[in-house]
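J.: here is a sequence together with a model predicted from it:
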Amino acid sequence: MNRLVIIGNGFDLAHGLKTSYKDFIEWYLQKKLEEIASREAGNKDVLLPVTGYTTSSYSKDEVINIVNHKTEMSLIDRLNELSENGYVTFHMSSLLKTILNNLETKGWVDIEFDYYTLLKENKGNSKECKNINEQMFALKTELAEYLNKLQKANSIQRIKDIIKRPIKREIAIEVEMEEGKEDVYVPSIFPFNIMLLNFNYTPTVNLYTEKPDSCENEDFVQLKIVTNSIDVNYIHGELSNKDSMIFGYSDERDEDFIKMIDDDKDNEISKNVKSIRYQGTNNYSDLMKFIEEEDFEVDVMGHSCGKSDRTLLRTIFEHEKCIKINVFYYKDKKNYFDVITNIYKVFKNKETFRNKVQSFENCEPLPQYNQTE
């Protein structure tokens, strides 16, 4: 039996990395403010093109103070103040405007869903959809720059232990005995193979690829049952190769989504559909081989299991060889139920959901770096 570990952004956050979209957008705005203060920002940035500077009542020191020191003002308010007082003129792109509006009203943002929503609102307008795709590409470039600047994470011992732990399932193992081959039943077993399915672009997951040196349970040693491999699958691409990064949307149960794709004459709406972009590498086919070869259990670590990855998650969760799903939630029962509610929406067969998803009492919180190290 194998183990598939689904790694989402919460996994990086658990390691103390500021990888949320909110952190990224705030970094981008601060960067633009500093470029504007030094009058280096121009019109080549399709997200926030600066169209001109004017002589204003602000001195250079006052501009720097607005950009760097007015902590009581939000970054958006600082940007607007410089514009409203005549220091700079700029055009805010539709994608960035949507993201900032959601950030201001909700306190968080889902860039991929905002992107899909904009495409949906502009279906039939090929020119505007092309503009939105250019903005999305620019945002991906900025995201890669931001993530590359982050510090490297340290491993968390408890997460190592969780990934390599035995699978609690009675299983018959064929063993060579003096009398011949015989089935021996064991209550749990180390996974034969482990795949870390990384939805992140960052390499944090590489901290957990070292195989166990030995088995702690002497019964396992006697039966020579050990984990053969722990492999990483960068299903959305790697930070070290920006062109491989998949940044888009896919929910093939959404009727509006399917109709938009079918009616997309210029392939602008289809440009960042994840199911299509997966064909750029062997990562998807490697995943399919993995889930076809043996029964497997799923560990969800830091992934919300939301809409933008629903198609791929359905393929995994509803697979006949997927035996159970363990959710490593963030802190408390609320997050556990948020995640399993999203998982519930993935399943067509709700009875299968109930049979596979483990109860709150049988799950545990995802360890955090500041709690364990």
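T.: Received, thanks.
J.: what ranges do the strands span in this structure?
T.: If you assign secondary structure with DSSP state E, the strands in the chain sit at 2-7, 50-53, 88-90, 171-177, 180-186, 193-198, 229-234, 296-301, 322-329, 364-365.
J.: quick check: mean pLDDT across the fourth one?
T.: It refers to strand 171-177. When pLDDT is averaged over strand 171-177, the result is 64.
J.: need the strands of the chain in TSV with mean neighbour count, can you?
T.: The way it works is simple: take the backbone N, C-alpha and C, and place the C-beta from them, glycine included. TSV is the format used below for the strands of the chain (neighbours: other C-beta atoms under 10 Å):
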stretch	mean neighbour count
strand 2-7	24
strand 50-53	14
strand 88-90	17
strand 171-177	11
strand 180-186	10
strand 193-198	23
strand 229-234	18
strand 296-301	24
strand 322-329	21
strand 364-365	15
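J.: pretty sure Q368 sits against L17.
T.: No - Q368 is beyond contact range of L17, at 11.6 Å (criterion: C-beta atoms under 8 Å).
J.: what is the burial count for F190?
T.: F190: 21 surrounding residues under other C-beta atoms under 10 Å.
J.: quick check, pLDDT for it.
T.: You'll see F190 listed with a pLDDT of 82.
J.: same question, Q135
T.: pLDDT, Q135: 97.
J.: how about the nearest residue to it, chain neighbours excluded?
T.: Of all residues not flanking Q135 in the chain, L95 sits nearest, at 4.1 Å (C-beta to C-beta, 6 or more residues apart in numbering).
J.: next: V273.
T.: Excluding its sequence neighbours, the residue lying closest to V273 (C-beta to C-beta, 6+ apart) is S250, at 5.5 Å.
J.: if we can go back for a sec, closest one to D286 among the strands of the chain?
T.: Among these, the nearest to D286 by C-beta to C-beta is strand 229-234 (5.8 Å).
J.: so how far is L143 from N233?
T.: From N233 over to L143 the distance is 20 Å, taken as C-beta to C-beta, to the nearest Å.
J.: ah, wrong one, I meant T55
T.: The gap separating T55 from L143 is 35 Å, by C-beta to C-beta.
J.: neighbour count: those two, which is higher?
T.: Legend: neighbour count by other C-beta under 10 Å for T55 and L143, higher for L143 (22 against 7).
J.: pull the contacting residues for the nearest residue to that one once chain neighbours are set aside.
T.: Using C-beta to C-beta, 6+ apart and skipping residues adjacent in sequence, the residue nearest L143 is F24, 5.8 Å away. By C-beta atoms under 8 Å, 6 or more residues apart in numbering, the residues touching F24 are 142-143, 146-147.
J.: swap in I111?
T.: Contacts for I111 (C-beta under 8 Å, 6+ apart) come out as 21, 99, 139, 247.
J.: repeat for N122
T.: If a contact means C-beta under 8 Å, 6+ apart, then N122 has 128-129, 132 as its contacts.
J.: any idea how far it lies from R277?
T.: To R277, N122 is 20 Å away according to C-beta to C-beta.
J.: circling back: ramachandran coordinates for the residue nearest to V273?
T.: S250 adopts backbone torsions of phi -170, psi 120, taken as degrees, to the nearest 10.
J.: what number of residues lie near it?
T.: So S250, with other C-beta under 10 Å, has 23 neighbours.
J.: does it touch D309 like I think?
T.: Yes - with contact defined as C-beta under 8 Å, S250 reaches D309; the gap is 7.2 Å.
J.: shared neighbours, these two?
T.: K274.
J.: pull the helix or strand with minimum mean pLDDT from the protein.
T.: For the chain, counting by mean pLDDT, DSSP states H and E, helix 218-223 ranks last in confidence among helices and strands (a mean of 46).
J.: helices of the stretch 101-250 of the chain, start to end?
T.: Secondary structure of the stretch 101-250 of the chain, counting by DSSP state H, counting those that start in this stretch: helices at 111-121, 126-149, 157-164, 218-223.
J.: gap between the residue of the chain positioned farthest from its centre and V109?
T.: The outermost residue of the chain, judged against the average C-alpha position, is E179 (51.9 Å), by C-alpha atoms, centre = their mean. E179 is 65 Å from V109, where distance means C-beta to C-beta.
J.: and for L13?
T.: As judged by C-beta to C-beta, L13 and V109 stand 15 Å apart.
J.: which residue of the two possesses the greater neighbour count?
T.: V109 (21 against 18).
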